[in-house]
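K.L.:
fold the following.
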Amino acid sequence: MISIVIPTYNEEENIVRCLRSLADQTVPRSSYEIIVVDGNSTDETRERAEPLADMVLIQRSRKVGGARNDGAMEAGGAIVATTDADCVVPKNWVETIARNFERRPIVQLYGTVYPIEDGLKHRISLASANAFSLLGYCTGIVYFTLGCNTAFDREAFIQAGMYRCIDAGDDLEIARRMRKLGRVHLDPNLRVGFSMRRYQQFGTIRSIYEWLYIVSRGGDSPEVTYSKRDYK
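P.N.:
Below you'll find the model as predicted:
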């Protein structure tokens with residue numbers, strides 16, 4: 001059993017697309033469960049998610065990392081995978097996760113991203129991010145384990161202390177602790193469609209700068225509300 005955890009907050013426009021992509025997989029639906037953890041949305045996110053998810057929970061912990069932790073604690077699977085409500089996963093996503101954990105002794109798995117929205121600028125941006133991820137993995141300097149496309153051995157994840165409840169960088173910081181328990185593996189073929197809406201609305205340079213600014217300060221910053229914006 002693989003448990004898939006999706007944090008949500010006012011995602012009524014995106015959650016159905018995400019959940020439908022998760023329902024259309026190459027493995028039997030009975031082999032994985034879908035858990036939506038909602039941060040008290042004021043729109044119809046929960047109502048739209050309920051027919052397509054196995055569980056829809058109200059978030060108890062802080063931040064996106066806390067939502068993922070809440071879902072992991074309720075998960076029934078030995079593997080916990082995470083993605084985001086505005087992402088789209090390919091048909092073989094769950095199968096690829098299962099195959100990786102079956103074939104190699106790993107505690108964490110992560111992959112790459114491609115833009116959902118069309119445009120050369122978006123493709124170049126994410127190609128650069130993927131190149132950075134591959135370089136960091138090959139050198140062992142950094143593990144660019146994005147929360148929209150990662151999976152854990154559940155017991156090891158809990159033992160490591162799970163995600164920190166911070167504004168940004170929680171999905172990179174967790175890999176440093178997971179590495180102390182076992183192997184963290186990058187599979188470039190584990191791909192997820194990533195929404196570029198933040199970059200479209202706020203600009204690529206500004207979004208990256210604010211993310212780096214918060215990460216450089218330990219993940220929290222009162223000056224920049226990176227993780228609690230309302231999107232158009």
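
K.L.:
what packs against the longest helix anywhere in the chain?
P.N.:
Of all the elements of type helix in the chain, the one with the most residues (DSSP state H) is helix 120-139. If contacts are counted by 3 or more C-beta pairs under 8 Å, 6 or more residues apart in numbering; DSSP states H and E, helix 120-139 sits against strand 106-115, strand 183-194. To be clear about C-beta, it is placed using only N, CA and C from the backbone, and glycine gets the same treatment.

K.L.:
what comes up buried for the first one?
P.N.:
By neighbour count with 16 or more other C-beta atoms under 10 Å, strand 106-115 contains the buried residues 106, 107, 108, 109, 110, 111, 112, 113, 115.

K.L.:
okay if I get the helices and strands packed on helix 120-139 as a markdown table plus distance to residue 62 and mean pLDDT?
P.N.:
Below are the helices and strands packed on helix 120-139 laid out as a markdown table (distance: least, C-beta to C-beta, whole Å; pLDDT from 0 to 100):
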| stretch | distance to residue 62 | mean pLDDT |
| --- | --- | --- |
| strand 106-115 | 22 | 96 |
| strand 183-194 | 24 | 95 |
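
K.L.:
show me the shaky parts of the protein.
P.N.:
The model of the chain has pLDDT under 70 over residues 167-169, 197-232.

K.L.:
80 - rerun?
P.N.:
Within the chain, the set of residues satisfying pLDDT under 80 comprises 121-122, 165-172, 196-232.

K.L.:
can you pull out the strands in it?
P.N.:
Taking DSSP state E, the strands of the chain run over residues 2-8, 32-38, 55-58, 79-82, 106-115, 150-153, 183-194.

K.L.:
nearest to residue 70, out of those strands?
P.N.:
strand 32-38 (5.0 Å; C-beta to C-beta).

K.L.:
with just CA atoms, put the closest one into PDB.
P.N.:
Backbone C-alpha positions of strand 32-38 (Å, rounded to 0.1, in the frame of the first residue of the first chain) are rendered in PDB as follows:
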ATOM      1  CA  TYR A  32      -2.900   3.000  -3.000                       C
ATOM      2  CA  GLU A  33      -4.900   5.500  -0.900                       C
ATOM      3  CA  ILE A  34      -5.300   9.200  -1.400                       C
ATOM      4  CA  ILE A  35      -5.300  11.500   1.700                       C
ATOM      5  CA  VAL A  36      -6.200  15.200   1.300                       C
ATOM      6  CA  VAL A  37      -5.200  17.400   4.200                       C
ATOM      7  CA  ASP A  38      -7.000  20.800   4.100                       C
END
